[in-house]
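Engineer: just the structure for this:
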Amino acid sequence: METQMMIRTAVVLLALTGAGGLLMAGIRFSGKPRPPSAIAMLHGLLAASGLTLLLYAGFVHGLPGMAWLGIALLAGAALGGLVLNLAYHDKQLPLPIWLVLTHAAVAVLGLVIVALGGWNVTAA
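Structural biologist: Model prediction:
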C-alpha cells in the first residue's frame, strides 16, 4: 500500500474513532458515569488501528515532521484513553469530565496535524 493511501486510511479510521468519542462524551455529559464497554472497546480498537497504521507508514516509508508531531499527540491521547479505561471505566468509576475533554482535545489536535502534514505525501 502506498504511503498516501495509508495516511488517508488512518485519518478515516481516526475520524470514525472521533465519532465514537463524541458519542461516549455525549453519554458522559448526559449524566451517566460511563459509556457502555462495547463502545469504549471499539473506540480503542479503531484508535489503535489508525495509530498503528500511521506508525507503520512513518517507520517504513517516512513522513514529514508535522505528521510525526500529530502522531506524538495521538500517542499522548492514547495514553489518556488508557488512563480513562484502566483507572476509571474498568473500576466502574465515573469518568472525570476534565480528563475526557483533555483526551478529546489532544486527539483532535493530533488528527488535524496528521491530516495537514501527511495528506498529500507522495511516494519517495
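
Engineer: residue 10 is in contact with residue 47, isn't it?
Structural biologist: No - contact between residue 10 and residue 47 fails when scored by C-beta atoms under 8 Å: they sit 10.3 Å apart. C-beta here means a position set from N, CA and C on the backbone, and glycine is covered the same way.

Engineer: so for the two, which residue has more residues nearby?
Structural biologist: More crowded of residue 10 and residue 47, by other C-beta atoms under 10 Å: residue 10, with 26 against 22.

Engineer: against residue 103, how distant is that one?
Structural biologist: Distance from residue 10 to residue 103, counting by C-beta to C-beta, to the nearest Å: 19 Å.

Engineer: how close does the residue sitting nearest the centre point of the chain sit to residue 59?
Structural biologist: Nearest residue to the geometric centre of the chain (C-alpha atoms, centre = their mean): residue 47, 4.4 Å. Using C-beta to C-beta, we find residue 47 at a distance of 18 Å from residue 59.

Engineer: and the helices in the chain?
Structural biologist: Assigned by DSSP state H, the helices in the chain fall at 3-29, 37-61, 65-83, 97-118.

Engineer: which strands or helices does the last one pack on?
Structural biologist: In this structure, helix 97-118 makes packing contacts with helix 3-29, helix 37-61, helix 65-83, judged by 3 or more C-beta pairs under 8 Å, 6 or more residues apart in numbering; DSSP states H and E.
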